[in-house]
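Participant: Predicted model and sequence below, questions to follow.
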Amino acid sequence: MENTVRIGIVGCGMVARYHAKAIAETPNAMLVGACSKSLSSTRTFCSEFPQVRAYNSYDEMLAEHDINTVAVCSPTGNHYEQAKRALEAHKHVVVEKPICITLRQADDLIRFADEESLSLCVISQTRFSDSATIIKQAIDNGELGRPISASLMMRYMRTQAYYDQADWRGTYAYDGGGVLMNQGIHGIDLLCYFMGKPQSVTGYAKTMLRSIEAEDTAVAAIEFENQSVAVIDATVCSQPPFPKRFILCGEKGTIVLEDDAITLWNLPTPCPIEIKASAGGSSSADPKGITHIYHAREYRNIVRHLLNGEALLIDGRQGRIPLSVILGVYESSKTGRKVLL
């Protein structure tokens, strides 16, 4: 592969702008093309990033030999088809969370990428925060001791207007689900990153207040292969909203993480960064209340992987893990039974 990762984006909405800013700050990466369902949206996006060429269609962009990697930033329901087509065009793929909306789709992408010796990268940028990195290191180094239990609270606010302004939101076909699949997947990914491989899940997914097809509220209990357990409490109906909150308990102490801030570090070893009284800004009320900085950190890992063979932190198999948990909650809610993952 040449010494520059040349990227084309499909989907020119809000998420694509985070990708574009992140790519601009990533050495040896260049965003060179974009396309979307709406040519007007594509042109508006490209006017904000003038070095990017607006393609009339996805087919036209995939035929461009100058592009070696495709970033899929479209609604979730399009991820599988667009990622598969990019792989078939022999492009590496960076796909926004969630990887797609069914495990069969995820497994097919993973298999095909392996067979074609292509990279399938999944965006889950919250793993790249300083706090998440330090917590993961403390767990891996045994500073927390054997994991015992965890809780993940995601009490967000998304108004009805939020769903009404984009008719794909809150649908199974295009959003993949509701609060768990859209807002909650980052927290669930971090939970599994910290606690280990999930083994089973029991849960309830309900539509309580919002006029949407999928769930606006969910609770779940997870058992992990290491026998630790966790609970998830998620909603987009919280008044007021709260920062995403993890409580991680191990045999040697407890860590509390609120959004990106460690607010409690009760371990024998000192915390290497500042303990904050509370989290700062949050996306619990505003979906735009996030930074592109962690996207940029993930893109640096992706680019170093593609050019130099650095280990990829979040590949298709890693991206499959939170998807399996969420789909397990949906199945458990329908059947009233524990679901093995």
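Facilitator: Thanks, I have it.
Participant: How is the protein partitioned into domains?
Facilitator: Following automatic domain parsing, one gets these domains for the chain: 5-122, 129-285+321-340.
Participant: Pull up the gap between residue 189 and residue 91, please.
Facilitator: Per C-beta to C-beta, to the nearest Å, residue 189 is found 24 Å from residue 91. For the C-beta atoms, the positions are set from N, CA and C on the backbone; glycine is no exception.
Participant: Can you list the buried residues in stretch 330-341?
Facilitator: 330, 332-333, 339, 341 (16 or more other C-beta atoms under 10 Å).
Participant: Which of those residues fall in helices?
Facilitator: In helices, defined here by DSSP state H, the members of those are 330, 332-333.
Participant: ok now do the residue in the chain sticking out farthest from the centre, which residues does it touch?
Facilitator: The centre of the chain is farthest from one residue, residue 268, which by C-alpha atoms, centre = their mean lies 31.8 Å away. If you count contacts by C-beta atoms under 8 Å, 6 or more residues apart in numbering, residue 268 has them with 143, 252-253.
Participant: now with 10 Å?
Facilitator: 143-145, 252-253 (C-beta atoms under 10 Å, 6 or more residues apart in numbering).
Participant: pLDDT at it, what is it?
Facilitator: In the predicted model, residue 268 carries a pLDDT score of 97.
Participant: ok, it to residue 250 distance?
Facilitator: Taking C-beta to C-beta as the measure, residue 268 falls 11 Å from residue 250.
Participant: where do the contact lists of these two overlap?
Facilitator: 143-145.
Participant: Between the residues you listed, identify the one with the most neighbours.
Facilitator: Counting neighbours by other C-beta atoms under 10 Å, residue 144 leads the shared contacts of residue 268 and residue 250 with 24 neighbours.
Participant: pretty sure that one is touching residue 250, no?
Facilitator: Yes. At 3.5 Å, residue 144 counts as touching residue 250 under the criterion of C-beta atoms under 10 Å.
Participant: which residues are in contact with both of those two?
Facilitator: Residues touching both residue 144 and residue 250 (C-beta under 10 Å, 6+ apart): 138, 194, 267.
Participant: got the buried residues for stretch 80-91?
Facilitator: So for stretch 80-91, counting by 16+ other C-beta under 10 Å, buried means 80, 82-87, 89, 91.
Participant: quick one: average pLDDT of it?
Facilitator: 99.
Participant: Name whatever forms a beta bridge with the spatially closest residue to residue 64 that is not a sequence neighbour.
Facilitator: Counting by C-beta to C-beta, 6 or more residues apart in numbering, residue 64 lies nearest to residue 33, which is 6.2 Å off, once chain neighbours are set aside. Bridge pairing for residue 33 (DSSP bridges) gives the partners residue 8, residue 53.
Participant: Count the neighbours of residue 33 for me.
Facilitator: For residue 33, using other C-beta under 10 Å, the count is 23.
Participant: State the distance from it to residue 58.
Facilitator: Residue 33 is 10 Å from residue 58, by C-beta to C-beta.
Participant: Need the residues touching each of the two.
Facilitator: Shared contacts of residue 33 and residue 58 (C-beta under 10 Å, 6+ apart): 8, 10, 70.
Participant: how about those in TSV, adding pLDDT and distance to residue 174?
Facilitator: Converted to TSV, the shared contacts of residue 33 and residue 58 look like this (pLDDT from 0 to 100; distance: C-beta to C-beta, whole Å):
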residue	pLDDT	distance to residue 174
8	99	22
10	99	15
70	99	19
